[in-house]
Structure formats: C-alpha cells, structure tokens
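In: give me a 3D structure for the following:
(2 chains)
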There are 2 protein chains.
Amino acid sequence: MFESDSSNVLKRPDLHRMMEMAAQKLRLMGGTVELVDIGEQELPDGQTLALPKVVTAQFGNDSSKHTVCVYGHVDVQPAKLEDGWATDPYNLTDINGNLYGRGASDNKAPVLAWIHAVEAYQALNMELPVNVKFVIEGMEETGSNGLDAMILAQRDTFFSDVDYIIISDCSWLSRRPALTYGTRGNCYFFAEVEGPKQDLHSGVYGGTVIEPMTDLIGILDTLISPSGKILIPGIREAVAPLSDEEWKMYQDIQFDIDSYKNKIGVSQLMYNNKVDLLAHMWRYPTVSIHGIEGAFSDPGTKTVIPAKVTAKFSIRQVPNMDPAMVKKQVTDYLHSVFAKRKSPNTLKVTMVIGAKPWLADTQHPLYEAGKAAVKRVFGMDPDLIREGGTIPIARTFQDVIEKSIIMMPIGGFDDGLHSQNEKMSRYNYIEGTKLFIAYLNEVSLIKKTTV
Amino acid sequence: MFESDSSNVLKRPDLHRMMEMAAQKLRLMGGTVELVDIGEQELPDGQTLALPKVVTAQFGNDSSKHTVCVYGHVDVQPAKLEDGWATDPYNLTDINGNLYGRGASDNKAPVLAWIHAVEAYQALNMELPVNVKFVIEGMEETGSNGLDAMILAQRDTFFSDVDYIIISDCSWLSRRPALTYGTRGNCYFFAEVEGPKQDLHSGVYGGTVIEPMTDLIGILDTLISPSGKILIPGIREAVAPLSDEEWKMYQDIQFDIDSYKNKIGVSQLMYNNKVDLLAHMWRYPTVSIHGIEGAFSDPGTKTVIPAKVTAKFSIRQVPNMDPAMVKKQVTDYLHSVFAKRKSPNTLKVTMVIGAKPWLADTQHPLYEAGKAAVKRVFGMDPDLIREGGTIPIARTFQDVIEKSIIMMPIGGFDDGLHSQNEKMSRYNYIEGTKLFIAYLNEVSLIKKTTV
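Out: Alright, predicted model coming up:
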C-alpha cells in the first residue's frame, strides 16, 4: 500500500501517487474524473509543498435522478512497525478475517466499498439508480488543507446538481450497524501568561518573581471540577436539555461500558451508566487541557522559570452553544479569576478555532432511506448515534452546498482508528459494500419533491 | 574564542581544544599540569562521547605554606548571534570598557584572572605566598559530568594537601564587591499522573474520561499560593528563622530594587522591600513549576487527551530543611490532595535531585582574609551575600575534601550570565585580578593552627 501519510512531508510523493491511483481507478470504471489542483501548503520553515490534488468523479448524469456525492479521504495517520504494530502497517494483512493496515478503516476501505458499490451495478449491467459523484481528498488527517476553498470554488459547477452528501468517515459504536446524525464542534483556546522579558534561572530568581507558570496553573485549575463539572459561568446553561425521547433513544443503544473501559485502559469513567456516558460523549460540552507551550517539556531536569507560557485547551461545542458567546464567557471568566491573583503578569486569551457542531434530523428521508438499507442488509434497525469529535467538512458541506448530509459508517467500533493495528473486518467491508448498494437504491425512492 | 559549549555535542572538538589550551597555558607558566581523563558520557541515543579532560595544575610545593585550590570552568552556555547578541558571541569585543562574549563572566575571565594572579607573582620574581592548585573542568554548564568521581578518586592524592577551596563562579550583587557565603540547594520533583493506556482523541473521548492533565493541574495548584506562600505542610516550619543580625546585615547590603525589576522586565516583584526580597532570594525556600512532559507542547493545536503527564517542579532548599524530609512532605501532601479528587488515575511522585544548601561561617579566617583583600583593593568592605541557585560542586568539595570553601566573585551584577550579550568589564577583570593577588597574600597570613 502507498504510505499516504499526509502529515509527513517526506511521504508526499506517495500521497500524490495515491491520489493518481484513485483517479485512475475511477477513470477505468468510466467515470468523468478530474484531479483538482488545490495549491500549496506552507511549511513551518517557510517552504511550500504541493498539496495532493482532490479527485472528483461523476457516474451518471440523468437529471431525472437524484445525485449523491460521496466524500472520502485516502490519506492516513502516521504508522511505524516499531510503534507496536503486529504486522507491517503498509502491507495489508489478513488475520482471522480482519484486514490489518494503516488506513484500513480510516478511510480507505469505506472509499473502496463505495467504488465497489458502483462497480456492482456496472458488473450486473444495471443502471445506477442515482447519479453518483465522488470527492476524494488527501489531506483529511492534517485538517483538509485546501478543501474548503475547492468546495466553495466549485459550488456552482461540480456541486450544483448534488442533492445529498454522504460521508462514511466514522465508525459504528458496537457490533450493531449505525447511522451518525451529529458531531460536536470545538472551541480551541490559547491562554498565554507572560511575565519576565526572558526565561529566568529558578535558583537565582525563584522566590522574588511572580512566576507565569504558577499563574497559568492557577487559572487552568478553575475550568473544570474533578467530577467533570464545567465551572465557566454560562456554558452549562446554554446546552440544549436532554429530552425524554433522547434519553429513551440512548437507553436503547447498544453500548458496553466494560469493553469501552478496556479499550481505553481505565478502571473508572466519569459516569457509570450508559445514558450519562453517551450524553457526555456526544451532546454535552467538556473541557480538555491539551498542554502548555513555552514551559519545559523535554525529558530530564531544567531549573527554569519560563517567561511566557501558553496553555492549549478546548471546549467541545454542542447545540445550543454559540462559539462567539463561548469565546466571551471563557475570556471574561479567565480574566476575572486571573485578576483575583493580583499578578503583575499579563494574560491573553485567544480562541483559535470556533467549529460549530453538526446535527441532522433523523426523520429526514435521507435517514429513513439509511434505516431501510440497514434493515435490508443486516436485518435489524441501526443505532442512531453521534460523534464526540468534530468533522468540519460536514459543516462546510452544510454551510456552502446547503444540502442534506448523512453519515453512514461501516467501520467497526474496535477498528483502532489513529492507533496501532488499525483494521477493517472482511465482514464489515463486504456487508458495508452491500449496504452502500442498497442505500443507493433506497435514495432513488425518495420523492424528488422532498428534496 | 573556542566555542566551548558543553551542551552541544557537535562543539565537543572545540571543548577538547579549550581544555588543552588551558593546560598548555599553565604548563608554560611552569606548573605541574595533568589532563585527567574522566571517561565518557552517554548520549540519549545510547552513543558515547568522550568527556573533556579535567585540568589540574600545581604551583609551589612548600609544606610550610597553605595550599589553596582554585576551582573554575572554561565551558560555556550555548550562544548564537541570532539569539539577539549585538556582537559575535565567540569574538571577544571591547565596547566602552566592557568585554562582550559568551563565557566572558561565566567563567573564563575569573579563571584567567586567577592565572594572571600567579603570573603577577612570577613576573615580579616574588615567591608565591601560598601553594596554588587549579582544578579546571569543561562540563560545568551541563552538570559537571564526571567531576564528582574525579574528586573522590583524587581525594588522597591531588587534594590531600589542599587547605582551602576557592570558587569564583558567581557574581556581585551590585557595584559593591561581595563575598558569597551560601547557596540554596534544590529538591527537584517529578509528579506523574497516568490514566488511559494511550493518548486519546479529545473529541471522541472527552467527557467520559477522567483526564490525567486535569488531575495534574489540580494538584500543582495546591503547591504555592499567589502570594508565594508554600502550602506543603512542614516546609515553612523547617526553615531557620531570620535572626536580627541577619536582618541588619540584609539592610546594609547594596541592592537596588528598581534595577533588579528592570533587569527581569517586570513591574512588580513578590515583595516590595529589600530585606524580604534578599531573604526570599537566598534563605527561604520557594516552589517553581518548570513544565509538563507528555502533554502537547508544540506550537499549533492538537486535540489530544494526554495519557501520561509528568510535571517538573523544584523546591529550593535552605537550612534547616532536610531533603529526605522534604521528599516525604511533598510526596505525602500531593498524594493526599490527589486522593481527595477520587480519580482512577495513578499518581507517582519522585524526587530526582536532592541537593543540599551550602553555608559558610563568615567569621572563618578564610572570610576574614577575603574581607581584608577586598578592603585593600577596593577601599571598602564587601557585601556578604548568598546565591539563590545551587553550586553543587561546593557541596562536593565540602563533603569529600572536608575543607573550608570560600566563594569570591569578581563578575558584575549585570554581566548577563547565561543570557545574550554576556560581558565582563575591564574594571572587574583588572581589579578582580588584583583582588586575587591580594587574597593569596592575606591567606598566607592565616595561622597554620587555625586550619
């Protein structure tokens, strides 16, 4: 397999070949294919590097049919055998029905399954029930650099006739198939405390200087309680209340707390019942402190008083929180707790990302079609789930193309995305392909007027 | 000048040449010189690198005289023009009577001044009033790797006839000459909080996991108050009370708060009077939080829940604190505040350095001789000062050689040690050399019986 690691600039030639291979595959199937140049990225050292082109493809052009656009990516997270892989991460290896390899589940197999879905219709000489478009990118794992601009630029051309967006860049929650109807957003903050004009020796100056690091620790400690309660005034009040229907829906979702704990490797979670856990994973905000820039972070010992330290923390956004309001709430609150310290150091709070959550209507025909397809292939109803993380591209499609989106995962709950020994089971790969075939058929049955 | 940066392994050849040059200088002066092999250092990648040899030298061997041993180092901190130097840091540049260059004050000029002191007696055909030995190392800036073992190995040979140790690796506090009679020690701690078995995506898992970083911030925030009060029970109680004599002595010391603030670049210090400031710089403990290993510390944003985070903090030791007791106090306290959080994560507290403070008797004949020498050269009494930092080699000489030590600085208070634009003034260099010449004479007057 190509080492299409988008975060490693040395692997960029592999990534370009990966995009070319995806385009060639779609061309040979008779698609109308373009490799769209989306420009260059600037590296931290000021050099520029060509971004992998975005592959667009079109199968069918019948204006009496719906047109779906499948989004996927074929770049991957980094992987090295010595990270703890049991097999070569870039040599797809079948062990007991599981296909191990970096990108197997995230997102190469789902992209291939969609391609196979189109091929199945072609092999059976059946007309596609809907027009199918593809948008396949190669920078998803590092933030989809260049994709937003490309979508905006092609809004009135490639995307003009698209009715629905389908994203399969997510996973089931258990062994039961799932449809995903929401993601959390993210407000990412930098809190910078600055004091002396340069780093100081802690032996020479310690005791006389009011240390920025002590101030920063002091304000970070006021963000969230040990029991997970967000202490910033106004945040909890803004969250949409959990309805009885939601509570009941969560109760019915298949979710095994013990296997979740095992996967993470912890003996205790923040909550010990399913509904609270699911709710806090998907539809309540939380604060995570990621780290501190400017302080001493290497192995070993250093006796330094860092002069300027910047904490990075983020608050997951959910309806009905508003990023602009969160920015104000966090900034005002941190400045007020900082003021109480009477420190001569200066505090600067910046919100560097303000990504909104995404939430779909599970009664929308797109989801009803999804439920029907799952029922047909798996003989059961899907779990309706959300993602705790942010999939910004969903938001972009919604805001720019203004069309409905469905997330239809086929990856297993234990596929190890971003982790060692990532895999996709043969079962999910094959049944997932069937699901996509069935889904295209179900979508064709949606009345045109309901669009 | 040689780029004798001991922290940069690529500069090691320069450092070896620096030691050879120092040895050659002392040989040409007729000293009995040795370049002592102190072995190798292991690099983080497992490779080994030869340590710079230690130069020992001896001038005079008259058993009726006292024997002093001057300790110094000729390695330096890193320096690059682009760090903000006004001149090439490795090309000694004279501007308005100041000699700018890396290592000018720390510690090359003081070492040279001691060499000139011996040369002065030789040039005047005067017998040295005491036997003079030198120990010059090349690893001081990175922890004097190999020196302790060398001192221990030569305790009964090179060091057997040494009566006094003289260290000039420190600075004055103001424009008034000073003798240094104490240093603080250092208890350096690692506090490690470990939770999940690997780093987690904060979107996917945030809200369900009890995050190690939140726990760590929570316990770090209990170490010291915004006003500088150490909150660990037992620490403050162990500190020797400030005596009336000390208070009076501090009152008389020349120390300008405004220039100290300017130097650091802050508008306000922890205390606003001279005695409190000096006391908290020299003879009270303090807590400095240096940073956190294992958390996200790079520029940019990363949505990670770090699985294992290790805070580095240190407590400066003063009489009558005992490192073993401090270790217990800190460990017990952190475990007790951690227990209150009821976190499933694990806390491990380790004390990785336990360096004792050093304190000399300012009435000792060695100090009386120092006061007399200062009076003779500068026409005034010296300030008797301490160092807030730790000079572990002083402790080693005291514990291994068991001889009295004096610290006699000649560097200016504004020399910028470890900083950009380090310098030594011609005035301090020349008058400092005179001070050393006078001091050798004063030491020779100490009665042999008082040793």
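In: switch to C-alpha atoms for all contacts and neighbour counts from now on
Out: OK.
In: near chain B, which residues of the stretch 101-250 of chain A?
Out: Applying CA under 8 Å from any CA of the partner chain, we find that the stretch 101-250 of chain A lies next to chain B at A:184, A:188, A:195-198, A:201-211, A:213-215, A:217-218, A:220-221, A:224, A:226-228.
In: next step: the residues you listed restricted to strands.
Out: A:188, A:201 (DSSP state E).
In: against chain B, how distant is the residue nearest to residue A:360 when sequence neighbours are not counted?
Out: Nearest non-adjacent residue to residue A:360, counting by CA to CA, 6 or more residues apart in numbering or on different chains: residue A:181, 5.0 Å away. To chain B, residue A:181 is 15 Å away according to CA to the nearest CA, to the nearest Å.
In: residues near the residue of the stretch 101-250 of chain A found nearest chain B, how many?
Out: Closest contact between the stretch 101-250 of chain A and chain B, by CA to the nearest CA, is at residue A:203 (3.6 Å). Applying other CA atoms under 10 Å in any protein chain shown, we find 28 residues neighbouring residue A:203.
In: can you check residue A:59 too?
Out: 19.
In: which strand residues bridge it?
Out: Residues in a beta bridge with residue A:59, per DSSP bridges, are residue A:132.
In: mind checking pLDDT for it?
Out: At residue A:59, the pLDDT value in this model is 98.
In: do the one 3 residues further on as well
Out: Here the pLDDT value assigned to residue A:62 is 96.
In: that one and residue A:128 touch, don't they?
Out: No: with contacts counted by CA atoms under 8 Å, residue A:62 stays clear of residue A:128, the gap being 9.8 Å.
In: what about chain A, any weak spots by pLDDT?
Out: For chain A, applying pLDDT under 70 flags the ranges A:449-451.
In: got the domain ranges for it?
Out: What automatic domain parsing lists as the domains of chain A is A:9-183+A:357-450, A:185-240+A:283-355.
In: so the closest residue to residue A:103 other than its chain neighbours bridges to which residues?
Out: Nearest residue to residue A:103, sequence neighbours excluded (CA to CA, 6+ apart): residue A:76, at 5.3 Å. Beta bridges link residue A:76 to residue A:5 when assigned by DSSP bridges.
In: residues near residue A:76, how many?
Out: Neighbours of residue A:76 (other CA under 10 Å): 27.
In: now do the contacts for it.
Out: By CA atoms under 8 Å, 6 or more residues apart in numbering or on different chains, residue A:76 lies in contact with A:3-6, A:102-103, A:106-107, A:141.
In: drop anything exposed from those.
Out: Neighbour counting with 16 or more other CA atoms under 10 Å in any protein chain shown marks A:3-6, A:102-103, A:106-107, A:141 as buried within the contacts of residue A:76.
In: quick check: residues of the stretch 301-450 of chain A near chain B?
Out: Going by CA under 8 Å from any CA, the residues of the stretch 301-450 of chain A near chain B are A:301-306, A:312, A:314, A:316, A:341-345, A:387-390.
In: tell me which of the residues you listed fall in strands.
Out: Going by DSSP E, the strands hold A:304-305, A:312, A:314, A:316, A:387 from these.
In: who wins on neighbours among the residues you listed?
Out: Neighbour max across those (other CA under 10 Å) = residue A:316, 32 neighbours.
In: wait, that residue sits on residue A:286?
Out: Yes: counting by CA under 8 Å, residue A:316 does reach residue A:286; the two are 5.5 Å apart.
In: what touches both of the two?
Out: residue B:206.
In: ramachandran angles for the residue most central in space within chain A?
Out: Nearest to the mean C-alpha position of chain A, by CA atoms, centre = their mean, lies residue A:391 at 3.8 Å. Here is the backbone geometry of residue A:391 (degrees, to the nearest 10): phi -120, psi 80.
In: the closest residue to it other than its chain neighbours: neighbour count?
Out: Take residue A:391 and drop its neighbours on the chain: the residue closest to it by CA to CA, 6+ apart is residue A:183, 6.7 Å away. For residue A:183, the count of nearby residues is 30 (other CA under 10 Å).
In: now swap in residue A:126 and tell me
Out: With other CA under 10 Å as criterion, residue A:126 counts 11.
In: following the helix or strand hosting residue A:337, which helix or strand shows up next?
Out: Assigned by DSSP states H and E, residue A:337 falls within helix A:323-340. Per DSSP H and E, the first helix or strand lying C-terminal to helix A:323-340 is strand A:346-355.
In: quick one, that following strand and helix A:323-340 angle?
Out: Using axes from the mean of the first three to the mean of the last three CA atoms, to 10 degrees, the inter-axis angle of strand A:346-355 relative to helix A:323-340 is 160 degrees.
In: quick one: strands adjacent to strand A:346-355?
Out: strand A:185-194 (antiparallel).
In: extract the C-alpha trace of the partner strand and format it as PDB.
Out: Listed next in PDB are the C-alpha coordinates belonging to strand A:185-194 (Å, rounded to 0.1, in the frame of the first residue of the first chain):
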ATOM      1  CA  GLY A 185     -17.900  21.200  17.400                       C
ATOM      2  CA  ASN A 186     -14.800  22.700  19.100                       C
ATOM      3  CA  CYS A 187     -13.800  26.000  20.600                       C
ATOM      4  CA  TYR A 188     -10.000  25.800  21.000                       C
ATOM      5  CA  PHE A 189      -8.300  28.300  23.200                       C
ATOM      6  CA  PHE A 190      -4.800  29.600  23.900                       C
ATOM      7  CA  ALA A 191      -4.300  31.200  27.300                       C
ATOM      8  CA  GLU A 192      -1.000  33.000  27.400                       C
ATOM      9  CA  VAL A 193       0.600  34.300  30.600                       C
ATOM     10  CA  GLU A 194       3.600  36.500  30.200                       C
END
